[in-house]
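Chemist: Everything below, folded, please.
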Amino acid sequence: MAVRHFLTLLDLSSDELVMLIQRAIELKRIQREGIIHEPLRNRVLGMVFEKSSTRTRVSFEAGMIQLGGGAIFLSPRDTQLGRGEPIEDTARVLSRMVDVVMIRTFGHDKVERFAEYSQVPVINALTDDYHPCQLLADIQTFWEHRGDIRGKTVTWIGDGNNMCNSYINAARQFDFQLRISTPEGYEPNQALVDAAGERVQLIRDPRAAAAGADLVVTDVWASMGQEDEQKRREQAFSDYCVDERVMAEAPDALFMHCLPAHRGEEVSAEVIDGPQSVVWDEAENRLHAQKALLEFLLLGSAN
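Modeler: Below is the predicted model of the structure:
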């Protein structure tokens, strides 16, 4: 059977993604009830990190332990990747020693090349272009609070970054309407927007974009690797803070943020710490959604 990878949300079918979300909710219940569930006993996850992380590392490592397996943390300082070994060679070797690999890096081409030469499933744990694991957690969170996201309206406010790109793919796969509000010059990948067709709409005014939405989402204005652009981005995004005025346009909406957050920049403290915010459930659900993903990739289905 061909090896399945998870580099973007488009690598799975819509039905498979919905199954993953439902399985994640079930795995969360199992863990909360203290039930031992170890279908991945003796399986090993190799975790390749070229970008720093809190939620990604802890959720994947804890997830593998809870599923009965183990995880190995690998950084450029600790491996030959940091000394110039070709990605293809690392993929050939590492995939003969572990059962699944997750990679958090900069260029998306790196995970694509790694997957091409890997004998085991490869998971994109974040690149400059996509963050599909976060979208699994986000959709799970919405499902838990409001039910099926199909047919709902989601508003993205902020940079057209990897999270925005992944929300565009999510709109296609989970069949919801996505409004994107971003300043001129910071739009998401146009090819992704075109592929999504009528499901995606660009609206410059953040309050207009938020009007009547079911979910409002944002992210930091300067992602990892863009720190030297911080001042310029602060000026460009000054009108794109998700504050109480924006959320007043969507009084029934949930608010999400993949974290870490900068209160007073992309989101006000009143919003992220307020009653519409579900960011802590969202953060926790990285664990459960990724456990469902690991089961799916290693076992072929929920177990």
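Chemist: mean confidence for stretch 263-278?
Modeler: Stretch 263-278 shows an average pLDDT of 98 in the prediction.
Chemist: I should have written stretch 24-41 there, sorry.
Modeler: Per-residue scores along stretch 24-41 average to 98.
Chemist: Next, the distance between the ends of it.
Modeler: Taking CA to CA, to the nearest Å, stretch 24-41 runs 19 Å from one end to the other.
Chemist: Run the chain-centre distance for that stretch.
Modeler: 21 Å (CA atoms, centre = their mean, to the nearest Å).
Chemist: do the same with stretch 177-197
Modeler: 17 Å.
Chemist: Now do the buried residues in it.
Modeler: 177-183, 186, 188-189, 192-193, 196 (16 or more other CB atoms under 10 Å). All C-beta atoms are positioned from the backbone trio N, CA, C, and that covers glycine.
Chemist: how about the residues you listed in JSON lines, adding distance to residue 67 and secondary structure?
Modeler: What follows is the buried residues of stretch 177-197, written out as JSON lines (distance: CB to CB, whole Å; DSSP: H, G, I helix; E, B strand; the rest coil):
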{"residue": "177", "distance to residue 67": "35", "secondary structure": "strand"}
{"residue": "178", "distance to residue 67": "32", "secondary structure": "strand"}
{"residue": "179", "distance to residue 67": "37", "secondary structure": "strand"}
{"residue": "180", "distance to residue 67": "36", "secondary structure": "strand"}
{"residue": "181", "distance to residue 67": "39", "secondary structure": "strand"}
{"residue": "182", "distance to residue 67": "38", "secondary structure": "coil"}
{"residue": "183", "distance to residue 67": "42", "secondary structure": "coil"}
{"residue": "186", "distance to residue 67": "39", "secondary structure": "coil"}
{"residue": "188", "distance to residue 67": "34", "secondary structure": "coil"}
{"residue": "189", "distance to residue 67": "34", "secondary structure": "coil"}
{"residue": "192", "distance to residue 67": "32", "secondary structure": "helix"}
{"residue": "193", "distance to residue 67": "37", "secondary structure": "helix"}
{"residue": "196", "distance to residue 67": "34", "secondary structure": "helix"}
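Chemist: Do a quick rundown of the strands in the stretch 201-303 of the chain.
Modeler: Using DSSP state E, counting those that start in this stretch, the strands of the stretch 201-303 of the chain run over 215-218, 254-257.
Chemist: sorry, that was for the stretch 1-150 of the chain
Modeler: 44-49, 70-74, 100-104, 122-124.
Chemist: other SSEs contacting the first one?
Modeler: Using 3 or more CB pairs under 8 Å, 6 or more residues apart in numbering; DSSP states H and E, the elements in contact with strand 44-49 are helix 55-66, strand 70-74, strand 100-104.
Chemist: Which of these sits closest to residue 272?
Modeler: Smallest distance to residue 272 across these (CB to CB): 15.4 Å, for helix 55-66.
Chemist: outside of the closest one, which residues touch it?
Modeler: 31, 37-38, 40, 43-45, 47, 49, 70-71, 73, 102, 104, 125-126, 133, 259, 283, 286-287, 290-291, 294 (CB atoms under 8 Å, 6 or more residues apart in numbering).
Chemist: Please verify my assumption that residue 266 contacts residue 241.
Modeler: Yes - applying CB atoms under 8 Å, one finds residue 266 in contact with residue 241, separated by 6.2 Å.
Chemist: When you filter the contacts of helix 55-66 down to buried only, what's left?
Modeler: 31, 40, 43-45, 47, 49, 70-71, 102, 104, 125-126, 133, 259, 283, 286-287, 290-291, 294.
Chemist: ok, and for stretch 267-275, which residues are buried?
Modeler: The neighbour-count check on stretch 267-275 (16+ other CB under 10 Å) flags 267, 268, 271, 272 as buried.
Chemist: how close does residue 181 sit to residue 196?
Modeler: Going from residue 181 to residue 196 by CB to CB, to the nearest Å gives 16 Å.
Chemist: So for residue 60, what's the pLDDT?
Modeler: So residue 60 comes in at 98 (pLDDT).
Chemist: Next: the one 5 residues further on.
Modeler: What the model reports for residue 65 is a pLDDT of 98.
Chemist: Could you check how many residues crowd around it?
Modeler: 14 (other CB atoms under 10 Å).
Chemist: Show me the residue sitting in the middle of the chain in space.
Modeler: Centroid-nearest residue in the chain: residue 134, 1.9 Å away (criterion: CA atoms, centre = their mean).
Chemist: quick one: contacts for the spatially closest residue to that residue that is not a sequence neighbour?
Modeler: Computed as CB to CB, 6 or more residues apart in numbering, the closest residue to residue 134 that is not its neighbour in sequence is residue 258, at 4.9 Å. By CB under 8 Å, 6+ apart, the contact set of residue 258 is 131, 134, 138, 163, 219, 282.
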